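**Student:** below is the sequence, then the predicted model.
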Amino acid sequence: MQIPLQLKLKKKAHKEIARLQDIVIDTLYKIFPKAVLHGGTAIWRCYKGNRFSEDIDVYMEKDIDKIELFFKEMEKIGFKVVKKRIRENSLFSKLVFEGTEIRFEAIFKKTSGIIKEYETIDGILTNVYTFSPECLIEEKVDTYLGRRKIRDLYDIFFLLRYVKEPLSIKAKISELLKNFKEPVDAAQLKVLILFGAVPTKNEILDYLRSWMNMQQL
């Protein structure tokens, strides 16, 4: 039996952030219907993840008029845009609603995703574009090697259960194990896991090595 999202969230702050994320996603897809959700929130909402993620990360087209419309719509709803930085290839913003802050980040790149169901805090399933588990893992390996946060290592571990084409990511997992360096924030994982056992860094690495060995059979 699947645990409803609202029951997974024990902290009031997490519930409020999740509710605001749903509003942002709904508004985003009305203006950018081909936006592709990725990162931790995509894993949590589209792949039944149990790691909380605050940020909304997307790929979308660079259309300044539409971007300005998006932020105007957010303000109409009641959000305050406390930070908005638009660069050549990216967007970074912070939105606040009744004291709760969320971050919305975009990379301006046309890319195709796959349709997946996104679960809202109320248990409603809505369609969004995101990446396959294989593509998300490839991104997460690069992200971990770049910033060495335990959450990224955990996401790789979690997503492996959904992989349908193991050969496509075998080299990437090998790259991670070969170039692995200690996470800078290993103790933080227990704060982010919503329910269930929290694996240690060594347990995750053992799992990855076992997975690699399975691919040799």
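**Tutor:** That came through fine.

**Student:** please report phi then psi for the closest residue to Asp63 other than its chain neighbours.
**Tutor:** Leaving out its chain neighbours, the residue that sits closest to Asp63 by CB to CB, 6 or more residues apart in numbering is Phe32, at 7.9 Å. Bear in mind the C-beta positions are built from the backbone N, C-alpha and C, glycine included. Dihedral angles of Phe32 (phi, psi; degrees, to the nearest 10) stand at phi -120, psi 80.

**Student:** how about Asp57, secondary structure?
**Tutor:** Of the three states, Asp57 takes strand under DSSP: H, G, I helix; E, B strand; the rest coil.

**Student:** which residues touch it?
**Tutor:** Counting by CB atoms under 8 Å, 6 or more residues apart in numbering, Asp57 touches Leu37, His38, Gly39, Gly40, Thr41, Ala42, Glu105, Ala106, Ile107.

**Student:** can you list the buried residues in the helix or strand hosting the fourth one?
**Tutor:** Gly40 belongs to helix 39-46 when elements are defined using DSSP states H and E. When burial is assessed from 16 or more other CB atoms under 10 Å, helix 39-46 yields the following buried residues: Gly39, Gly40, Thr41, Ala42, Ile43, Trp44, Arg45, Cys46.

**Student:** and stretch 66-78, by the same measure?
**Tutor:** For stretch 66-78, by 16+ other CB under 10 Å, it's Ile67, Phe70, Phe71, Glu73, Met74.

**Student:** looking at those residues, which are in helices?
**Tutor:** Counting by DSSP state H, the part of those found in helices is Ile67, Phe70, Phe71, Glu73, Met74.

**Student:** same list (those residues) but as CSV, adding distance to Lys170.
**Tutor:** Output for these, formatted as CSV (distance: CB to CB, whole Å):
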residue, distance to Lys170
Ile67, 38
Phe70, 39
Phe71, 42
Glu73, 43
Met74, 42
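
**Student:** ok, so of those residues, who is nearest Asn179?
**Tutor:** Asn179 lies nearest to Ile67 out of these, by CB to CB, at 36.0 Å.

**Student:** who are the neighbours in contact with the closest one?
**Tutor:** Ile86, Leu91.

**Student:** also Leu192?
**Tutor:** By CB under 8 Å, 6+ apart, Leu192 lies in contact with Arg51, Phe52, Ser53, Arg151, Tyr154.

**Student:** which pLDDT value belongs to the residue nearest to Asp63?
**Tutor:** The model reports Phe32 with a pLDDT of 98.

**Student:** then the one 4 residues further on?
**Tutor:** Here, the pLDDT recorded for Val36 equals 99.

**Student:** cool, thanks, talk later.
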